[in-house]
Structure formats: structure tokens, C-alpha cells
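Peer 1: Have a look at this fold, sequence not included:
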């Protein structure tokens, strides 16, 4: 899983190179850096850093033209930033054969049994001589759906078919056509990450063929496979998936805010995270009275740290199968600006069960999760019960700044006694503000605003933090002086 490259060339005379192209590729090619016929950046000892969204890859190709000093082309060093792909455990997965005449339907599990040898085809799903279709009929293609058991973040899929060493008279290695690979969270809506159409795809080998794509959430993987270049047989030998199962966040250090002005009949906020989802857990959790489909009540959970969330599971009172109306979930990083990820409007949502209801969405930054809930369709319809909440994702990891250095901008006169490194020492107590970075830009008259006190952006004081080495950043948290109530920085 690669997210950055560092390219080094000869740099001593500050030369530049043209036609620089960097590609990540397996069986497809993706350009991540391309200067075209123009000169690229001036070369320095630090090299050129190329950053891009993470993607699985095996090969990196770096092409370049001449420099603006001479005809020489120099590749000095390439550094790659990322992490190894993690193989997903499919022990709990289930392979489901599509509606086709299979030669050995009893061996559906052979597609995910971990055996990749070509001679294992007899114990894996196979279409025999009854499959006479050609590559030109994409609607008549066998497929297998793998339910991996729960939603995971997938980075890549490796597919194994029958392969040969010598091939036939026209092909060095066997290839297959009409290949498609699709992903789904719910088994109904599918995202296609590979579609070869009627064309023969990559040659088969003992290492299989890996399909790489942007990280995606999925529980179901569906693979379509047509005939091969040697005969009409179709061999699904093995599938390997790379990624990580979703991680349930520890919410024990979270805090809860109940909507002001509502009548809360139950206020045991700790019950929202105690893990109890039993029938009577509502008695030791949170509930509001006098609510309706037009008058819901909300609960806000503040996480202990910024997190990247991809799902929230909601548990309410469920014993009588009731449904609640006017449900919604919003996320926020600051508690002020909210993004809605789920809403029933004023209508009723799902019928409640002991399993709760999971709302899934593309990974989003959040530190606050707000859940609104109206009344139910039960006989006592003017109350509600927030029983439990579970959230999947991961907390953002704080980056150690041991190698970092802080520089003050030179466009203003800073006070003496400032210790710039205090900005990254991990301490933010009020009594040490004079040693941290500060500057007095008091307006000359009370009517002056920030716009008149700083007439141009270039007049603004700023800090530069050199991390010491490249890093994949996801968020930055900043503390200003906060010891005077009501202070606001623009």
C-alpha cells in the first residue's frame, strides 16, 4: 500500500529534468506524477516528494528525459512510503455459487480454502464442458460471491485460476476473458473494480493476478469468469483478500451531551457504552419523554480523540419490534459544523431488533456524533430509548514530533523570550503562554477589525513546523490561548 515517493537525481548544479513520469502498476498503469515536456522542479539534496492517495501496487516505473544542463539522465535514488498489504483472514467467509451448472458444486468452499496449487482445481468450483459460451456474451458468465462475514476495508484482491507452464501454440500462458470483480457492502449495490469485457486478461501463473483499487468498504466480493484460451473450462481455484476488518472503537472515555430543553426520563449516559444490549438495558441508559415524529430529541457523543469513522450501530428498545421515526445521525469534527450521514425524515425507520441497526458510509473524520430520535409506533409512542451505541473506525494516531523543528516567520517582529519549540512540547497549560509563540497586534483603536489590523494576508505572522521527514498526515489540532472565557481567534 503506497502513498508517496521520494525521487532523487543529480542535483549539485540545480538542474531540472523534463518528461518525468512516475507510474504505479500491476496489470494496469496509473500515472501519479508527470511533468510532460516541461522542466520539473529544481533538483536539491532533498529530492522531489510525490504524494497521492494510498493504493496497492507491486511495480513502480520512473521515466525521465534530459536535464537543462546537458543530455545526461541520472537516477540517484527512489524512496517509497507506505505499508505492506495485510492478508485478510477468510476462515469465517462463505463462497456462494451463482446460478449455473457447476461440475462440482459441493466444492464451493475450495475457492477460499487457502490452497493455490493448480492441481487443486478438482477441489474448487469448476465449470466443465457444458460451458460452450464465447467471450462475446458477458451476460452468460459464471460467478461466485464470497461473503467475508462482516464489512472490511479492502485494498486488493488476488485471483487464482488454472495455469500452465508451456501454454499452447498461440499462448505462452493461459488467459481468461469476461472477468469482472465487484464489491458490495449490502449484497445489493455493487462497485466494479475490474471489467475485462470480451478481451483476454493477464496471463495466469502460480502467483495469481492481483486487482488493485482505492481502499473500499465491502462485505461481499463477486467474481465473474469466462472461458480460457485453451478450452471452455472455467476454474475458480482461489481468492485472497487484502485489507482489515473494521475496528470497533473504545468509547469508554467518551462524554455525552443531552439536548437542552427536552424532558429526559432516563439520564444514565454511561449506559450508552456499557456493552449491554439486552431487552431491559434501556432502564440504565438514556431516554426522552414527550417526543414525536415532529419533535425528536438528540444525544451527542464526544469522542476522546479525533477518529476516522465508517459506521455507527444504533441500539434502541426492541422487544416489541417497534420502529422509531425522525431518526438521523450527524458527524462533526468541531461540534459546530455537521454532516448528515443518515436520516429517515419524519417517517419511521427500521423495525428494532437485538442486533441494532448499522449505518455505513465512506470513512469520515469525526470527533462528535449526534443521533436524533423521535417517538415510536408502539402503544406508548411519546417516549424513546437510546440503549447503546457502537462505532467502527480508528482513532487518528498522534505523530511523534521528536525530529520536528519550529521556525517563526520573518515578516513580523516577534517578542523576545519566545521558545518556538514549546509549540510542540505537548504542554498547553495557561501559565506558560509567554514562552510559547505569541505576538501583540493590538488594534490602534477599538473599532479596528482583523481585516484592518492585517490589511494583507502576507502581513499575518505564522509558524512553520518541519517534521524532519515526510509523513502521511490526516489531521492537525491547534491550541490557542484559551484561559480567558469567550475568546475567539480569526
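Peer 2: Yep, it's here. Everything quoted here is computed from the prediction, not taken from an experiment. Numbering: from 1, shown residues only.
Peer 1: May I have the residues that are in contact with the nearest residue to residue 377 once chain neighbours are set aside?
Peer 2: Using CB to CB, 6 or more residues apart in numbering and skipping the chain neighbours, the partner closest in space to residue 377 is residue 323 (5.3 Å). From N, CA and C alone the C-beta is placed, and that goes for glycine too. Residues in contact with residue 323, defined by CB atoms under 8 Å, 6 or more residues apart in numbering, are 348-352, 376-377.
Peer 1: Out of these, flag the one nearest to residue 120.
Peer 2: residue 350 (42.4 Å; CB to CB).
Peer 1: sorry, back to before: quickly note the distance from the residue nearest to residue 377 to residue 378.
Peer 2: 9 Å (CB to CB, to the nearest Å).
Peer 1: likewise residue 277?
Peer 2: Residue 277 is 18 Å from residue 378, by CB to CB.
Peer 1: quick one, which of the two is more surrounded?
Peer 2: For residue 277 versus residue 378, neighbours defined as other CB atoms under 10 Å are more numerous around residue 277 (18 against 15).
Peer 1: from what I can see that one touches residue 357, true?
Peer 2: No - using CB atoms under 8 Å, residue 277 is not in contact with residue 357, being 11.8 Å away.
Peer 1: What is the three-state secondary structure of the most centrally placed residue in the chain?
Peer 2: Centroid-nearest residue in the chain, with CA atoms, centre = their mean: residue 363, separated by 4.9 Å. Secondary structure assignment for residue 363 (DSSP: H, G, I helix; E, B strand; the rest coil): strand.
Peer 1: and it, what does it touch?
Peer 2: 153, 217, 308-310, 393.
Peer 1: at 6 Å what do you get?
Peer 2: If a contact means CB atoms under 6 Å, 6 or more residues apart in numbering, then residue 363 has 308, 310 as its contacts.
Peer 1: Residue 319 too?
Peer 2: Applying CB under 6 Å, 6+ apart, the residues near residue 319 are residue 279.
Peer 1: Could you pull up phi and psi at the residue nearest to residue 377?
Peer 2: Main-chain dihedrals, residue 323, degrees, to the nearest 10: phi -130, psi 150.
Peer 1: ok, now residue 459?
Peer 2: Backbone torsions for residue 459, taken as degrees, to the nearest 10, come to phi -80, psi -10.
Peer 1: tell me the pLDDT at the closest residue to it other than its chain neighbours?
Peer 2: Nearest residue to residue 459 in three dimensions, chain neighbours excluded: residue 411, at 6.8 Å (CB to CB, 6+ apart). Model confidence at residue 411, given as pLDDT, is 86.
Peer 1: Please report the distance of residue 411 from residue 190.
Peer 2: Taking CB to CB, one finds residue 411 at 54 Å from residue 190.
Peer 1: And the helices in this protein, which stretches?
Peer 2: Assigned by DSSP state H, the chain shows helices spanning 450-453.
Peer 1: Quick check: which ranges of it have low pLDDT?
Peer 2: Residue ranges of the chain with pLDDT under 70: 23-30, 129-133, 165-172, 379-381, 441-455, 485-490.
Peer 1: Select the longest strand from it.
Peer 2: Longest strand in the chain, counting residues (DSSP state E): strand 297-316.
Peer 1: Name the residues of stretch 180-194 that are buried.
Peer 2: For stretch 180-194, the neighbour count (16 or more other CB atoms under 10 Å) marks 180-185, 193-194 as buried.
Peer 1: what about the strands in the stretch 1-150 of the chain?
Peer 2: Under the criterion DSSP state E, counting those that start in this stretch, strands of the stretch 1-150 of the chain are mapped to 2-8, 21-25, 29-34, 48-55, 59-63, 77-82, 94-97, 126-127, 143-160.
Peer 1: closest one to residue 466 among these?
Peer 2: Closest approach to residue 466 among the strands of the stretch 1-150 of the chain is made by strand 48-55 (13.3 Å; CB to CB).
Peer 1: Report the contact partners of residue 185.
Peer 2: Neighbouring residues of residue 185 by CB under 6 Å, 6+ apart: 151, 217, 219, 360.
Peer 1: the domain parsing of this structure - what is it?
Peer 2: 2-82, 94-245, 255-395, 401-490 (automatic domain parsing).
Peer 1: And the first one, end to end?
Peer 2: The first and last residues of domain 2-82 sit 4 Å apart, counting by CA to CA, to the nearest Å.
Peer 1: how distant is that domain from the center of its chain?
Peer 2: Its chain's C-alpha centre lies 26 Å from the corresponding centre of domain 2-82 when counted by CA atoms, centre = their mean, to the nearest Å.
Peer 1: Let me see the contact set for residue 14.
Peer 2: Neighbours of residue 14 in contact, by CB under 6 Å, 6+ apart: residue 42.
Peer 1: hmm, 10 Å instead?
Peer 2: Neighbouring residues of residue 14 by CB atoms under 10 Å, 6 or more residues apart in numbering: 42-44, 68-69.
Peer 1: Distance-wise, check it relative to residue 45.
Peer 2: Residue 14 sits 11 Å away from residue 45, going by CB to CB.
Peer 1: just residue 287 next, same as before
Peer 2: Taken as CB to CB, the span from residue 287 to residue 45 is 64 Å.
Peer 1: Could you check which of these two has the larger neighbour count?
Peer 2: Neighbours around residue 287 and residue 45, counted as other CB under 10 Å, are more numerous at residue 287. The numbers are 22 against 8.
Peer 1: Who does residue 312 form a beta bridge with?
Peer 2: residue 359, residue 391 (DSSP bridges).
Peer 1: ugh, wrong one, I meant residue 376
Peer 2: With DSSP bridges as the rule, residue 376 is bridged to residue 324.
Peer 1: Which two of the contacts of residue 185 have the greatest separation?
Peer 2: So, these by CB to CB: farthest apart are 219 and 360, at 9.2 Å.
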